[in-house]
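>>> missing the sequence, but the structure's below:
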């Protein structure tokens, strides 16, 4: 990248290659974002396709976000092999948070309960995880209160 030399008791830096590298890194990063995170090889190869696009040079930049987004995972099987044969036999639950966007009521957590048979969903907004037990008791009361 950059090189320097020692002259008269002072270390001097030859900055031209550094500035050139930094400028090309910033330029390719800008066009990488403008082209919806197109990879560098395609950007460098296809500069002639866009009028006015400057020539780009590939740099040793790793876009962590792009690496994670482009990774693929196998989807969960749609048929799990077993499903509850009646409502309320199996309830799935999850809690998410704390989230940065706080609601007007001060809630930072989301608690869900999903009935495996009917796919009916209960969603509760919570200020603290400690409230989850109270909401669980509410759902249990709903499930085990006889209907009239």
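Nice, I can see it. What you see is a predicted model, and the numbers here were worked out from it, not measured in a lab.
>>> Please verify my assumption that residue 117 contacts residue 92.
No - the pair residue 117 and residue 92 fails to qualify as a contact (CB atoms under 8 Å) at a distance of 11.1 Å. Where you see a C-beta, it was placed from the backbone N, CA and C, and this is true even at glycine.
>>> buried ones in the helix or strand hosting residue 43?
For residue 43, the element it lies in under DSSP states H and E is helix 40-45. Along helix 40-45, the positions that meet the burial threshold by neighbour count (16 or more other CB atoms under 10 Å) are 40, 43.
>>> picking up where we left off before, who has more neighbours out of residue 117 and residue 92?
residue 117 (14 against 11; other CB atoms under 10 Å).
>>> Next up, the contacts around the more buried one.
Remark: with contacts taken as CB atoms under 8 Å, 6 or more residues apart in numbering, residue 117 is in contact with 83, 84, 85, 86, 87, 88, 89, 90.
>>> Assumed it was part of a helix.
No - looking at residue 117 with DSSP: H, G, I helix; E, B strand; the rest coil, it is coil, so not inside a helix.
>>> Check the gap between it and residue 84 for me.
4 Å (CB to CB, to the nearest Å).
>>> what touches both of those two?
residue 90.
>>> returning to what we had before: quick one: which of the contacts of residue 117 has the most company?
Of all these, residue 88 has the most neighbours under the rule other CB under 10 Å, reaching 16 neighbours.
>>> secondary structure element for it?
Here residue 88, judged by DSSP H and E, is contained in no helix and no strand.
>>> I'd say it and residue 143 touch.
Yes - in this structure, residue 88 is within contact of residue 143 by CB under 8 Å, at 4.9 Å.
>>> can I assume residue 129 is in contact with residue 109?
Yes - using CB under 8 Å, residue 129 makes contact with residue 109 at a distance of 6.0 Å.
>>> who has more neighbours, these two?
Neighbour tally, residue 129 and residue 109, criterion other CB under 10 Å: the higher count belongs to residue 109, 18 against 13.
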